[in-house]
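Colleague: Return atomic coordinates for the entry below.
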Amino acid sequence: MPDSKTYTGGCHCGQVRFECTSDLAMVTACNCSICTKKGLHFTFLDPKSFQLRAGEENLKEYLFNKHAIHHQLCVDCGVDVFARGKKPDGSDVVALNVSCIDGIELSKLKMTPVDGRNM
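Modeller: This next block holds a predicted model:
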């Protein structure tokens with residue numbers, strides 16, 4: 001199992017910045033409509049492992065379908081940085097768009113297929 005590391009990252013324009021701790025053991029390759037169209041790849045974090053460092057005032061929330069996932073987009077550049085939601089057990093979770101991690105190379109990450117289209 002990979003070791004947890006502290007990562008920093010943010011949106012394209014830099015207005016929204018975060019810090020998180022993760023082992024990136026599971027990164028999704030989801031086929032739902034939003035992940036497919038936006039090219040999103042999420043890892044799921046305990047909210048205590050995620051800190052928004054800048055740009056809260058630059059975030060716009062986007063909800064669709066069942067309104068269960070609260071996507072947070074930068075109002076300036078439009079990047080979907082993270083989302084907030086609930087796990088099946090009801091506990092809070094942050095879904096971090098791993099593409100927003102500074103220096104990340106998606107091709108070096110193991111992707112876990114998720115059939116979100118049929119959920």
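
Colleague: Please name the residues that touch the residue nearest the centre of the chain.
Modeller: What sits nearest the mean C-alpha location of the chain, by CA atoms, centre = their mean, is L96, with 1.9 Å. Shown in contact with L96 (CB atoms under 8 Å, 6 or more residues apart in numbering): 18, 20, 22, 42-45, 50, 81-82. To be clear about C-beta, it is placed using only N, CA and C from the backbone, and glycine gets the same treatment.

Colleague: got the contact list for stretch 83-93?
Modeller: By CB under 8 Å, 6+ apart, stretch 83-93 touches 42, 44-47, 68-72, 94-95, 97.

Colleague: and the least confident of these?
Modeller: Within the contacts of stretch 83-93, pLDDT reaches its minimum at A68, with 83.

Colleague: quick check, nearest of the contacts of L96 to K5?
Modeller: Of all the contacts of L96, S22 has the smallest distance to K5: 7.1 Å, by CB to CB.

Colleague: Give me the neighbour count for the closest one.
Modeller: Residues near S22, counting by other CB atoms under 10 Å, number 22.

Colleague: any idea how far it is from P47?
Modeller: 12 Å (CB to CB, to the nearest Å).

Colleague: Might you report the residue contacts of L73?
Modeller: Listed by CB under 8 Å, 6+ apart, the contact set of L73 reads 59-62, 79-81.

Colleague: which element is it on?
Modeller: According to DSSP states H and E, L73 maps onto strand 70-74.

Colleague: Can you select the buried ones from the contacts of L73 in PyMOL?
Modeller: To isolate the buried members of those in PyMOL, using 16 or more other CB atoms under 10 Å:
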select buried, resi 59+79+80+81
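
Colleague: okay, the helix or strand bottoming out on mean pLDDT in the chain in PDB with CA atoms only?
Modeller: The helix or strand of the chain with the poorest confidence is helix 33-38; it has a mean of 92 (mean pLDDT, DSSP states H and E). What follows is helix 33-38, C-alpha atoms only, in PDB (Å, rounded to 0.1, in the frame of the first residue of the first chain):
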ATOM      1  CA  SER A  33     -21.600  12.000 -17.800                       C
ATOM      2  CA  ILE A  34     -19.800  14.700 -15.800                       C
ATOM      3  CA  CYS A  35     -16.500  12.800 -15.300                       C
ATOM      4  CA  THR A  36     -16.500  11.800 -19.000                       C
ATOM      5  CA  LYS A  37     -17.200  15.300 -20.300                       C
ATOM      6  CA  LYS A  38     -14.800  17.100 -17.900                       C
END
